[in-house]
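A.B. asks: I'd like to go over a predicted model; first the sequence, then the structure.
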Amino acid sequence: MNLLLVLVPIITIIVSATIAVKKKISGTSAKKAFRYNAIAFLVVLVMLIVFAVGSFAANTDDNTTATAQTTQTQETTESQQSGGLDKGMAYLAAGLSTGLAGIGGGIAVAAGAPAAIGAVSEDPKAFGKAIIFVALGESIALYGVVISILILPSK
């Protein structure tokens, strides 16, 4: 199951990148290629979540059905398994918050930086105002990193 967790996203990313390059070469617009990559990203994300939750649930079921363990050992094992699920979900949430904030920051900077460059080229006095808008776009990614640090478990 762990091998499946690693191979499925890698194969999906390679296939989606290959299809996107073929579409770009054939003359498909960049918006359509971006939509396809966004859909492929969401499919990979959903598959990772389903596989991760499924593997944790399978491990928990296997450990709780063991009959040779004492009650105290079973309680310890169950608490460790639920802690593993909690940690896994915390890491998944931290990764999502950082990744999505980075994507949002990149989109904001991609829209704001060319406009700032154009404004500064017309009026050099507008540099201070223009740089603030670019920095605001970059701060979105920093907020995502701060949130992910707060989400991560301490041990």
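C.D. replies: Sure thing, it's come through.

A.B. asks: Low-confidence ranges, this structure, go.
C.D. replies: 1-6, 33, 52, 54-84, 155 (pLDDT under 70).

A.B. asks: can I see the domain layout of it?
C.D. replies: Here the domain parsing of the chain from automatic domain parsing is 1-65, 74-155.

A.B. asks: Adding mean neighbour count, write the ones you listed out as TSV.
C.D. replies: All C-beta spots, glycine's among them, are computed from the backbone N, C-alpha and C. Shown next, in TSV, are these (neighbours: other C-beta atoms under 10 Å):
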stretch	mean neighbour count
domain 1-65	13
domain 74-155	14
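
A.B. asks: Please report the residue range of the longest helix in the chain.
C.D. replies: Counting by DSSP state H, the longest helix found in the chain is helix 71-122.

A.B. asks: neighbouring contacts of the helix or strand that it is followed by?
C.D. replies: Downstream of helix 71-122, the next assigned helix or strand under DSSP states H and E is helix 127-151. Helix 127-151 is contacted from outside by 90, 93-95, 97-102, 104-106, 108-109, 111-113, 115-117, 119-120, using C-beta atoms under 8 Å, 6 or more residues apart in numbering.

A.B. asks: tell me what the longest helix of the chain is packed against?
C.D. replies: Under the contact definition 3 or more C-beta pairs under 8 Å, 6 or more residues apart in numbering; DSSP states H and E, helix 71-122 sits against helix 30-64, helix 127-151.

A.B. asks: want to try CSV for those helices, with distance to Leu85 as columns?
C.D. replies: Below are the helices and strands packed on helix 71-122 laid out as CSV (distance: least, C-beta to C-beta, whole Å):
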stretch, distance to Leu85
helix 30-64, 5
helix 127-151, 15
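
A.B. asks: List the contacts of the spatially most central residue of the chain.
C.D. replies: Central residue of the chain (C-alpha atoms, centre = their mean): Leu96, 3.5 Å from the mean position. Listed by C-beta under 8 Å, 6+ apart, the contact set of Leu96 reads Leu45.

A.B. asks: Thank you, goodbye.
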